[in-house]
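[1] Sequence plus the predicted model coming up.
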Amino acid sequence: MARRKSYTGIPGLSFSWKRALGISQTKQRIARQTGVPTTKAGMERKLGKMILKLIFGK
């Protein structure tokens, strides 16, 4: 497994501009309020479940 290169110069410390700007927190809030996941995998899972319910009922 390849190790990720840390650009901060301090081993084990990384920087996320999305977290720094609050984008991650905003996406989490929207997902909780609407019940719709904001990740690609989460949306695919939810959509697949809805389609299966339409086909098979219940």
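    Now that the structure is in, tell me what you want to look at.
[2] For the helix of greatest length in the chain, which helices and strands make contact with it?
    Looking across the chain with DSSP state H, the single longest helix is helix 40-56. Contacting helix 40-56 under the criterion 3 or more CB pairs under 8 Å, 6 or more residues apart in numbering; DSSP states H and E is no other helix or strand. C-beta coordinates here come from the backbone N, C-alpha and C atoms, glycine included.
[3] Can you name the residues in contact with that helix?
    Residues outside helix 40-56 that contact it (CB atoms under 8 Å, 6 or more residues apart in numbering) are 31, 36-37.
[4] same check, this time on stretch 29-36
    37-38, 42-43, 46.
[5] among those residues, who's most crowded?
    Among those, the one with the most neighbours (other CB atoms under 10 Å) is residue 37, at 18 neighbours.
[6] so what's that residue up against?
    31, 43, 45-46.
[7] same thing but at 6 Å, please
    31, 43 (CB atoms under 6 Å, 6 or more residues apart in numbering).
[8] On the pLDDT front, check it for me.
    If you check residue 37, the pLDDT there is 88.
[9] about what we covered before: tell me which of the contacts of helix 40-56 fall in helices.
    If you go by DSSP H, those have residue 31 in helices.
[10] what's the helix or strand bottoming out on mean pLDDT in the chain in contact with?
    Every helix and strand of the chain was ranked by mean pLDDT, DSSP states H and E. The lowest is helix 17-21, at a mean of 85. For helix 17-21, contacts defined as CB under 6 Å, 6+ apart pick out residue 24.
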